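have a look at this prediction, sequence included:
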Amino acid sequence: MTNRSDGVPIDLVTGGSGFIGCHVVAALCKRGVRVRVLDLAPPADLAADVEFVPGSILDPGCLDAAMANVRHVYHLAGLAKLWARDRSDFDRVNAGGTAQVLRAAASRGVARVIHCSTEAILLPARRGADALIDETVRPALADMPGPYTRSKLAAEQSVRTAVQDGLNALIVNPTVPIGPGDRNLTPPAAMLSMFLNGQSPAFLDCVLNLVDVRDVAAGMILAAERGSAGERYILGGDNVALRELLKMLERISGRAMPKRAVPGWLALASATGAEWVADVVTGRTPAATREGVRLALRSGPFDSNKARSELGYAPRPLQDALADAVTWLAATGAGGR
């Protein structure tokens, strides 16, 4: 760790040890930017010139110290999962933690906050079958399908309030990130791992928008450089039906993928049972959650044209992103044999 005390501006990455966060750190380092990471544990393979500050976004004193001499804050810290035994953790960390970050940034006079949200809060309860989902969607807390999405939308609302109060901040909504480095197996990697290991005999057909995590990181930096305060930018890749994604996985991995789709009601019933077992018996993350199934049933295609035109965002093709994700999962043992 290098201690910064020479007055040169630093970019702070909260959650810099996480999946997207570690790629933001790497991309900033390649640009010659001085980087500070705030997280509970240090990133794997922490570069020698990256400063690591152990701590929580729920600790105001820690946040204030971490923001000393900071230019940009890339806020990614939070609970990036769809189940927690204590559901109130979502609101406490994702919503409450974001409010703490925004207050600290305003107090320290940070030049810009880039808040990382999720595409999940943009999936409307009712929409046209083929309508593209873009930044014109206006989500409401009452329409959120579970505690994760409610907490993420509440965090966004805090960002918008902070902007009204004069903070230079914007929101990015990555779609479904995949790629190397997902050591904690976030839901997208867990899904790929499950299919690659033959752990699911069937699937719930839906439409996904998958994006390479390295392109999300690049998009966040472009948003810091070129985005407009108060705006939202969807950082997505290619839209694909899950049944077509499984065909691509089969070609890339050489492993047979499930061919049978299950109805939504059955998937929801199964997830309800799995959550009960996790809550009452095992305390371990279930294979499926009710919120995850509800999101799949709302799924639809996303439009990233605003980020492309305003930021110069240019994600790579899905085939390349998926191949890299499968290679990484196989190398770590999470992609089957």
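Great, that's in hand.

contacts and neighbour counts: CA atoms only from here.
Noted.

what sits up against the helix ranked longest in the chain?
Once the chain is assigned using DSSP state H, the helix that runs over the most residues is helix 147-164. For helix 147-164, contacts defined as Cα atoms under 8 Å, 6 or more residues apart in numbering pick out 81-83, 87-88, 90-91, 94-96, 98-99, 102, 115, 117-118, 120-121, 139-141, 144, 169-171, 229-230, 291.

same check, this time on stretch 93-104
Counting by Cα under 8 Å, 6+ apart, 57-58, 60, 63-64, 67, 75, 77-79, 113, 151-155, 158-159, 162 sit against stretch 93-104.

before we move on, the earlier item: so which elements touch the helix or strand just after the longest helix of the chain?
Counting by DSSP states H and E, the element after helix 147-164 in chain order, helix or strand, is strand 169-174. Helices and strands touching strand 169-174, as assessed by 3 or more Cα pairs under 8 Å, 6 or more residues apart in numbering; DSSP states H and E, comprise strand 112-116, helix 147-164, helix 213-226, strand 232-235.

tell me where the stretch 1-150 of the chain has helices.
Applying DSSP state H, counting those that start in this stretch to the stretch 1-150 of the chain gives helices spanning 19-30, 60-66, 88-90, 96-108, 147-164.

residue 318: which of those helices is closest?
helix 19-30 (17.2 Å; Cα to Cα).

give me the below-cutoff pLDDT ranges for the stretch 51-200 of the chain.
Within the stretch 51-200 of the chain, the stretches with pLDDT under 70 are 127-129.

in PDB, list the C-alpha atoms belonging to the helix or strand residue 277 falls within.
Assigned by DSSP H and E, residue 277 belongs to helix 264-277. What follows is helix 264-277, C-alpha atoms only, in PDB (Å, rounded to 0.1, in the frame of the first residue of the first chain):
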ATOM      1  CA  GLY A 264     -42.900 -19.200 -14.400                       C
ATOM      2  CA  TRP A 265     -45.300 -20.400 -11.700                       C
ATOM      3  CA  LEU A 266     -43.200 -23.600 -11.100                       C
ATOM      4  CA  ALA A 267     -40.000 -21.600 -11.000                       C
ATOM      5  CA  LEU A 268     -41.500 -19.300  -8.400                       C
ATOM      6  CA  ALA A 269     -42.800 -22.100  -6.300                       C
ATOM      7  CA  SER A 270     -39.400 -23.800  -6.400                       C
ATOM      8  CA  ALA A 271     -37.600 -20.600  -5.400                       C
ATOM      9  CA  THR A 272     -40.100 -20.100  -2.500                       C
ATOM     10  CA  GLY A 273     -39.200 -23.500  -1.200                       C
ATOM     11  CA  ALA A 274     -35.400 -23.000  -1.700                       C
ATOM     12  CA  GLU A 275     -35.600 -19.700   0.200                       C
ATOM     13  CA  TRP A 276     -37.500 -21.300   3.100                       C
ATOM     14  CA  VAL A 277     -34.700 -24.000   3.400                       C
END
